[in-house]
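Colleague: 3D model of this:
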Amino acid sequence: MEISTNAEYLLRRFDDLPKAVQTGVGAGLKRALLLTEDRVRRNAQLKWRRGGAGLAGRLTSSVTETAGFGLDGQIGFRKTRGFPYELSQEFGAKAKPGKAMAIPITPQAKRYGPREFPGKLFIPKGRHVLAVFRPRLKAIEPQYVLVKSIKPRLGFRATVLAALGMISDEIEAGAKAQT
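Modeller: Predicted coordinates for the structure are as follows:
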């Protein structure tokens, strides 16, 4: 990614800057990354669910000082166990011919994969779900939705690249505020 020449200069010479300017540059970069997170949430064509389990809860940014290397700013998704759903949301995904992808829809399904699920899963006739039968309730409880493909709809990379001008401006504004 390329940022403006002034912002790049500030980040490269970070260790040589006065402490007050370093603080301003760091604050500007943090502010810019938080604004970028907000843009990612607004521009994505996803239903953002509350809590830490979904993509919104894993979207994060951080700024750290690295000795001799200036500032390190990062934005992305926290790593989780299992399949990286943000990749399928960013680039799309297709199931192999004759197969389907199982998307968990219950908390218990999210804890286990379809192969490790405790209980016998089956596909009810005429439905595109993996379900479990609850004998006490005499009910079928869907656990996974079966899909053939997922359209790309996150737009993370495009949003971050479009925000580079704003990130540069915030870095420069942070430096100017402390001089």
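Colleague: hey, let's count contacts and neighbours off CA atoms from now on
Modeller: Noted.
Colleague: same for the helix or strand of the chain with the lowest mean pLDDT, what does it pack against?
Modeller: Here the helix or strand of the chain ranked lowest by mean pLDDT, DSSP states H and E is helix 55-58, holding a mean of 78. Applying 3 or more CA pairs under 8 Å, 6 or more residues apart in numbering; DSSP states H and E, one finds that helix 55-58 contacts no other helix or strand.
Colleague: residues of it that come out buried?
Modeller: For helix 55-58, the neighbour count (16 or more other CA atoms under 10 Å) marks Leu55, Ala56, Arg58 as buried.
Colleague: what residues are up against the residue nearest to Asp169 when sequence neighbours are not counted?
Modeller: Closest residue to Asp169 apart from its sequence neighbours, by CA to CA, 6 or more residues apart in numbering: Ala7 at 7.6 Å. The contact partners of Ala7, by CA atoms under 8 Å, 6 or more residues apart in numbering, come to Ser168, Asp169, Ile171, Glu172.
Colleague: Name the helix or strand for Gly98, please.
Modeller: Using DSSP states H and E, Gly98 falls within no helix or strand.
Colleague: Check what pLDDT it gets.
Modeller: Note on Gly98: pLDDT of 91.
Colleague: Roughly how far does it sit from Val147?
Modeller: Taking CA to CA, to the nearest Å as the measure, Gly98 and Val147 are separated by 11 Å.
Colleague: Between those two, point out the one with more neighbours.
Modeller: Val147 (16 against 6; other CA atoms under 10 Å).
Colleague: ok, what's across the strand from the more buried one?
Modeller: Met101 (DSSP bridges).
Colleague: next one: Gly73
Modeller: Val63.
Colleague: Tell me who's in contact with it.
Modeller: By CA under 8 Å, 6+ apart, the neighbours of Gly73 are Leu29, Lys30, Leu33, Ser61, Ser62, Val63, Thr64.
Colleague: what's the answer for Ala163, then?
Modeller: Contacts here follow CA under 8 Å, 6+ apart; on that basis Ala163 touches Thr36.
Colleague: which helices and strands does the helix of greatest length in the chain pack with?
Modeller: If you go by DSSP state H, the chain has its longest helix at helix 19-43. Counting contacts by 3+ CA pairs under 8 Å, 6+ apart, helix 19-43 packs against strand 59-66, strand 70-77, helix 156-162, helix 164-177.
Colleague: With distance to Ala93 and mean pLDDT as new columns, can the ones you listed be given to me in CSV?
Modeller: What follows is the helices and strands packed on helix 19-43, written out as CSV (distance: least, CA to CA, whole Å; pLDDT from 0 to 100):
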stretch, distance to Ala93, mean pLDDT
strand 59-66, 20, 86
strand 70-77, 18, 83
helix 156-162, 16, 92
helix 164-177, 28, 90
